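[1] For reference, the sequence and a predicted model appear below.
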Amino acid sequence: MARYVLRRIVTMSLALWLIITATFVIMHSVPGGPFSSEKNAPPAVMQNLNARYRLNDPYWKQYLDYLLNMARLDLGPSFKYDRSVNEIISQGFPVSAQLGAVAVSIALGAGVILGVAAAWKQNRWQDYTAMSLAALGFSVPSFILSGLLMYIFAYKLMWLPPAMWGGWQHAVMPALALSALPTAFIARLMRSSMLEVLQQDYIKTARAKGLSPAAILVNHALKNALMPVATYLGPLVAAVFTGSFVVETVFAIPGLGRYFVISVLNRDYTLILGLTVFYAVFLMLMNFIVDLVYMFLDPRIKLADDRGD
Amino acid sequence: MRKIFLILAALLVIALTGCGGGKAGEAAGKAKAPQVIRYNVCTEPETLDPAKSTGQPEGTILTNMFEGLVRYGPHNEIKPGIAREWNISPDGLVYTFKLREAKWSNGDPVTAKDFVYSWLRALDPQNAYEYAYQLFYVKGAEEYNSGKGRPEDVAVRAVDDLTLEVTLKAPAPQFLGLTAFPVLFPVNPGVDRETRDWPKVMEKYVVNGPFKPVKWDHNQKIELVKNEKYWDAQGVKLEKLEIYLIDNIDTGYNMYKAGQLDFQEEVPTQEMARLKAANEVKIFPDASVYFYRFNVTKKPFNDPRVRRAFAMAINRGEIVEKVAQAGQVPAYAFVPYGIPDADGKDFRQNAGNQFFEEDVAEAKRLLAEAGYPEGKGFPRVSILTNAHAGHQKVAQAIQQMWKQNLGVEVGITVQDWKVYLDSQDNLNYDICRSGWSPDYLDPMTFIDMFVTNGGNNDTGWSDKEYDALVARANFTGGQKARMEAMHQAESILMKEMPVMPIYFYTNPNLIKDNVKGVVIPPFAVYADFKNAYVE
């Protein structure tokens, strides 16, 4: 186990290094810099800015400095905002993560129920309804859904505040908007894996033994059918917890999602890199956790090094 | 079972509508008109350090918290701020400011030394403030900022606690007005020395203006309350100013409709016509110009006849009315309205807004003369614009007009903002959408853009006579001679047409009727709430 974890850490570090390097190269090859603006400052001022933010240094030095600072967990100052990248992440991430947690819970609950219902009543109205809902969730873009939710709940019914971050009322619409797509995805995953599991011999055996349908479903089928959903959960949590640009701007949520887009538009180099690093680490960590969860869900799966050489 | 569901559903409805009930209570309280304004500045400010700020949202927030030597009044007049009075030497070089006895919000006196400290801080090359060049009028300032001079050689001096003496390197009548802008605001030296990050920490933030900050929730709002230590606190009627930082204009508009905002800096374009009709949009003058640059370094726009032909072959009235829709003024000149001339009247009105006319026949003749009769043989060119729905719509309208009137096919190239800036700077374009807003209240901020190799010329255009006129205006103390030189320069610009003016901007705002007394000057698009109140 310890050796397995160690090996994963080594491969993750390697992947991270590749990601940083690629981002660094791409970022600097895109035209425009952080300090270009409609009103060009005099050369002396630009010189000061470039010196202050070390943009005069050769690329290899900027790159090495960045890696060294990162090793100390310092992601540098934002070039655009009067805050450090660490500050921006530590202020935005908790908000996005809270919202994301609600959204993932909704997606998981609704998705599993829809998927199971569709599989259990295959080719009946329950199936068609669930899969039509899933198709909607897939195809309606989040800005449309957000706008629609706002129109109905904030403007027409006036049940919920239209925007900003505060009490639970503020989380309802953005969480619904965020959960639509993963709900649809989980429902379809769940349906197909459930159908597969229901064909298995041990389910037939359970049926033959005369167990009630509910007992078969809950005690025998569900756990195994959940495996693909668990796989999907890793990247899903990473994506949803780090926020969505569209949902956060539409509902004025002070999360992290907006910065993934704004940083690129501003050529805010340190923020671009910092967010990429943060997201990559978070994603790899989630996948790692999913792999560990596998072991408990399915005893047949063993971690690579546990096989014993 | 069903009953339980019904009860649950009923409870849910009550819980959800509970927040609606709160709103009704607030509305009832409004009868007394609490002196609070909720204003959406429409973006997260990049900084609240006055010397570091460059943009409009920062300008608005800072102007309400600080006071420079002077402050602009409701009719664009310069009024005493921290300076009670001032004297300008006859050669226009030495400014002597007499300060009033004002206090910082922590009780410290505001002194001339604070200004010296703050201006040197703004110029410090180590700090690398982008707008430091607004102080380059001061003798020795540019040298210090570019690392060639010493701070003690910058000609700003505290004669005594309440007398500030500034020497300029050349006469610059616009300098006085500049002292009303953030980069030239004083900061509290004690606080700045002690806590370098005070502009980020609202508990440590010390101001000398009408309001002081209480809280900064990033991407949400900044709360300001009345600063009782402000020298003119008596004139401040607002108890509280909530500045919202909601960047989605439609979301802000929804909040406005839901009664959660009183005022928004921007208006959703698709609602413009309706809101204007309903009188919810107030349109303020804006001394900025919307124009197209021509790349004069290559065919076909190296020929002034082609540039003139293009400028004459569009219908600006239609663009303003049908596309831009916010009461903009068609531009047949480059310097906008709202900037005073030597006689105190309007620079634009004095010279007229008619350097050229829209005349399709004449445009066709010019184009034929340049070798493209009926647009035949005209090379494929393209309008470069940044990705912004409004700019793209204007470009499409103009594209149509050129096709119809000149028989010329023009493409549209849309680029992301930073790529667009890069292309514009490097003359990687044929025609380029641009806009310009003044840095100070003087035509020079528009005229000096187009001197040979000017940092914001970006057209490749160069004209010796034009350069000479700009130089003359820059080194003449007399306002009359200066303005005369700039009028002449503008007429050269409009004859040669490296740029094609389209319209003069306006500044539409979404404002509730009961909000009064907000000052929105035309030359720096900020909103000053010093004398604002709720009726």
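    Structure's in. What do you need?

[2] Output the residue of chain B whose distance to chain A is smallest.
    Relative to chain A, the nearest point of chain B is B:Lys418 (2.9 Å; C-beta to the nearest C-beta). C-beta here means a position set from N, CA and C on the backbone, and glycine is covered the same way.

[3] Can you name every helix or strand that whatever helix or strand that residue lives in contacts?
    Assessed by DSSP states H and E, B:Lys418 sits inside helix B:417-425. The helices and strands touching helix B:417-425, judged by 3 or more C-beta pairs under 8 Å, 6 or more residues apart in numbering or on different chains; DSSP states H and E, are helix A:257-266, strand B:381-386, strand B:431-436.

[4] quick one: low-confidence parts of chain A?
    A:302-309 (pLDDT under 70).

[5] quick one: secondary structure of the residue nearest the centre of it?
    By C-alpha atoms, centre = their mean, chain A has its centre lying nearest to A:Ala239, at 1.0 Å. Under DSSP: H, G, I helix; E, B strand; the rest coil, A:Ala239 falls in the helix class.

[6] ok, which residues in the stretch 51-200 of chain A are in contact with chain B?
    By C-beta under 8 Å from any C-beta of the partner chain, the part of the stretch 51-200 of chain A that sits against chain B consists of A:51-53, A:80-83, A:91-92, A:147, A:150, A:154-155, A:158-165, A:169.

[7] still on that earlier bit, buried stuff in the helix holding B:Lys418?
    Buried residues in helix B:417-425, counted by 16 or more other C-beta atoms under 10 Å in any protein chain shown: B:Trp417, B:Lys418, B:Val419, B:Tyr420, B:Leu421, B:Asp422, B:Ser423, B:Gln424, B:Asp425.

[8] quick one, helices of the stretch 1-150 of chain A?
    In the stretch 1-150 of chain A, the helices defined using DSSP state H, counting those that start in this stretch lie at A:2-29, A:43-52, A:59-71, A:85-120, A:125-139, A:142-149.

[9] what are the bridge partners for the nearest residue to B:Trp417 once chain neighbours are set aside, then?
    Spatial nearest neighbour of B:Trp417, chain neighbours left out: B:Asn386 (4.8 Å); criterion: C-beta to C-beta, 6 or more residues apart in numbering or on different chains. For B:Asn386, the beta-bridge partners are B:Gln415 (DSSP bridges).

[10] you'd agree B:Phe504 is in a helix?
    No: B:Phe504: not assigned to a helix; according to three-state DSSP it is strand.

[11] Now for it: which residues touch it?
    Neighbouring residues of B:Phe504 by C-beta atoms under 8 Å, 6 or more residues apart in numbering or on different chains: B:Asp286, B:Ala287, B:Ser288, B:Val289, B:Tyr290, B:Gln328, B:Val329, B:Ala331, B:Pro336, B:Tyr337.

[12] where in the stretch 401-535 of chain B is pLDDT low?
    For the stretch 401-535 of chain B (pLDDT under 70), the answer is B:477.

[13] same thing but 80
    B:476-477, B:524-525 (pLDDT under 80).

[14] neighbours around the closest residue to A:Phe138 other than its chain neighbours, how many?
    Distances taken as C-beta to C-beta, 6+ apart place A:Ala184 nearest to A:Phe138, at 4.7 Å, with adjacent residues excluded. Counted with other C-beta atoms under 10 Å in any protein chain shown, residues neighbouring A:Ala184 total 25.

[15] A:Gly115 is in contact with A:Ala184, correct?
    No: between A:Ala184 and A:Gly115 there is no contact under C-beta atoms under 8 Å: 10.0 Å.

[16] quick one on the thing from earlier: element containing the closest residue to the residue nearest to the centre of chain A other than its chain neighbours, please.
    Excluding the flanking residues, the one nearest A:Ala239 by C-beta to C-beta, 6+ apart is A:Leu283, at 8.0 Å. Applying DSSP H and E as the criterion places A:Leu283 in helix A:269-297.

[17] that older thread, I'd guessed the residue nearest to A:Ala239 sits against A:Leu233; true?
    No: contact criterion C-beta under 8 Å: A:Leu283 and A:Leu233 do not qualify, at 12.0 Å.

[18] so what's the closest residue to A:Ala238 other than its chain neighbours up against?
    Computed as C-beta to C-beta, 6+ apart, the closest residue to A:Ala238 that is not its neighbour in sequence is A:Leu283, at 3.9 Å. Contacts for A:Leu283 (C-beta under 8 Å, 6+ apart) come out as A:Gly234, A:Pro235, A:Ala238, A:Ala239.

[19] The first one: which element?
    Assigned by DSSP H and E, A:Gly234 falls within helix A:227-241.

[20] residues making contact with that helix?
    A:93, A:96-97, A:100-101, A:103-104, A:107-108, A:111-112, A:178, A:182, A:185-186, A:189-190, A:193, A:279, A:282-283, A:286-287, A:289-290, A:293-294, A:297-298.

[21] now the helices for the stretch 301-450 of chain B?
    Under DSSP H, counting those that start in this stretch, the stretch 301-450 of chain B gives helices at B:304-312, B:316-318, B:347-351, B:360-369, B:389-406, B:417-425, B:444-447.

[22] Return the residues in contact with residue 138.
    By default, I'm working from chain A. A:Leu181, A:Ala184, A:Phe185.

[23] my bad, the chain I had in mind was chain B
    B:Trp119, B:Val154, B:Ala155, B:Val156, B:Val166, B:Thr167, B:Leu168, B:Lys169.

[24] Could you tell me how far the last one is located from B:Val110?
    Right, B:Lys169. 27 Å (C-beta to C-beta, to the nearest Å).

[25] More neighbours: those two, which one.
    Ranked by neighbour count (other C-beta under 10 Å), B:Lys169 and B:Val110 place B:Val110 first, with 22 against 16.

[26] residues touching that one, list them.
    Going by C-beta under 8 Å, 6+ apart, B:Val110 touches B:Ile82, B:Leu99, B:Ala102, B:Lys103, B:Trp104, B:Pro186, B:Asn208.

[27] Mind putting those residues into JSON lines with pLDDT and secondary structure?
    As requested, the contacts of B:Val110 are exported to JSON lines (pLDDT from 0 to 100; DSSP: H, G, I helix; E, B strand; the rest coil):
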{"residue": "B:Ile82", "pLDDT": "98", "secondary structure": "coil"}
{"residue": "B:Leu99", "pLDDT": "98", "secondary structure": "strand"}
{"residue": "B:Ala102", "pLDDT": "97", "secondary structure": "strand"}
{"residue": "B:Lys103", "pLDDT": "97", "secondary structure": "strand"}
{"residue": "B:Trp104", "pLDDT": "98", "secondary structure": "coil"}
{"residue": "B:Pro186", "pLDDT": "98", "secondary structure": "coil"}
{"residue": "B:Asn208", "pLDDT": "97", "secondary structure": "coil"}
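
[28] Could you dump the residues you listed into JSON lines with neighbour count and distance to chain A added?
    Below are the contacts of B:Val110 laid out as JSON lines (neighbours: other C-beta atoms under 10 Å in any protein chain shown; distance: C-beta to the nearest C-beta, whole Å):
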{"residue": "B:Ile82", "neighbour count": "28", "distance to chain A": "24"}
{"residue": "B:Leu99", "neighbour count": "26", "distance to chain A": "29"}
{"residue": "B:Ala102", "neighbour count": "22", "distance to chain A": "26"}
{"residue": "B:Lys103", "neighbour count": "16", "distance to chain A": "26"}
{"residue": "B:Trp104", "neighbour count": "24", "distance to chain A": "21"}
{"residue": "B:Pro186", "neighbour count": "28", "distance to chain A": "19"}
{"residue": "B:Asn208", "neighbour count": "28", "distance to chain A": "20"}
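
[29] could I get those as CSV with distance to B:Ile246?
    Listed next are the contacts of B:Val110 as CSV, based on distance: C-beta to C-beta, whole Å:
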residue, distance to B:Ile246
B:Ile82, 32
B:Leu99, 38
B:Ala102, 34
B:Lys103, 34
B:Trp104, 31
B:Pro186, 31
B:Asn208, 28
